Structure formats: C-alpha cells, structure tokens
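Student: here's my sequence, what's the structure:
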Amino acid sequence: MEPDEVDAMAARWKETGMPASLIAALELGKRVSRLNLLFEQAVKAELADLGLTYAEFDVLAALNRAAPPSHRMKPSELSRALFLTSGGISNVLQRLAAAGYVEREANPGDARSRWVQLTDKGRRMAAAALEASARAYTEVAAGVPEEAVRTAADDLREVMSRMGRRRFR
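Tutor: You can find the predicted model right below:
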C-alpha cells in the first residue's frame, strides 16, 4: 500500500510524542473527511448537471424513501433527518416547490404544521438524482477492490457504533 498525505502527518505527530491511540484517531478522522469530500465533490458535479444542489438532492432522496404509501414528511422531520436548520429546510423546500418537485399540504392533525411530498415531477427528478449519485459513487470507488470497500464499510460501522453514541456541546 502506497503512503498518503495522512501518513506524512502521522509521522510528524509521532515525532512530537503524541500517543499512538490519538494518532490513529486523527488518521481516521482525516481519511474519513477526505473520502467524504471526494464523494461529495463527485455527487455535486453530477447534481449540477440536473440543476440541483446537494441539499435539494438530500430532501428529494429523503422524501423518496419516506414511508409509503404517502411518501410525505413534515419539514421538522426533514430538518432532523438531514441535520439542516429549520430555516435551511424552509429555503430548500421553497426552491423545490418553485421547481414543481414538492408540494405542501395542510396537516389535519396539527394546524401548525404541514406535510411535504414529492410531485410526479419530483419523483422523476429524485430517481434521476439517485442515478446520478450512484454514478458518482461508482466513479470514485472505481479501481478499489469490492472486498476492500466492504471491509472498510463494515469496520466503519463498528467504529460508528461506539463513537456515534457520544454527544458533544
């Protein structure tokens, strides 16, 4: 395996006397961040061809996978699921509604909230965007043995199952 930029950082960290466990955690964080950036840049390039932002794609995908048969969600549910602020969700929903991809309807069970769901046009765009995302992920992962990707994904699940329980201020 060929050394990468993170290995050079790790060598310098080791020279300073940093504990091996901290170096390993820093290497993990740096590599996960860089890998996420590669995937995100590739997906954003594909989505740009469709005229979508990454946030718009996230909302379309979340609504697409929402529980059948209605495939609808409240804006507050979208906000929590996608780690977006209520203002951020509101802006994205306005753009998607203006494009004809989503529609909002009153929630008879709660006059203070509304339901958001995909239109037929929105379902078609969600499908196209999911295909574009799949292309991007395939391109980024090209040349990496499937077994290595599977092993990394499984190992990261183990790490996340332990680290993901922590709450920070």
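Student: where along this protein do the strands fall?
Tutor: 72-73, 102-106, 114-118 (DSSP state E).
Student: residues touching residue 20, list them.
Tutor: residue 14 (CB atoms under 8 Å, 6 or more residues apart in numbering). Glycine gets a C-beta too; all of them are placed from N, C-alpha and C.
Student: I'd like to know how far it sits from residue 41.
Tutor: 32 Å (CB to CB, to the nearest Å).
Student: what do you get for residue 13?
Tutor: 27 Å.
Student: and for residue 163?
Tutor: From residue 163 to residue 41 the distance is 25 Å (CB to CB).
Student: got it, and residue 114?
Tutor: In terms of CB to CB, residue 114 sits 34 Å off from residue 41.
Student: between the two, tell me which one has more neighbours.
Tutor: residue 114 (15 against 11; other CB atoms under 10 Å).
Student: now the spatially most central residue of the chain: closest residue in space that isn't a chain neighbour?
Tutor: The residue lying closest to the centre of the chain (CA atoms, centre = their mean) is residue 58, at 6.9 Å. In this structure, residue 58 finds its nearest non-sequential neighbour in residue 82, 5.0 Å apart by CB to CB, 6 or more residues apart in numbering.
Student: OK, contacts around the one you found?
Tutor: For residue 82, the contact set (CB under 8 Å, 6+ apart) comprises 55, 58, 59, 62, 89.
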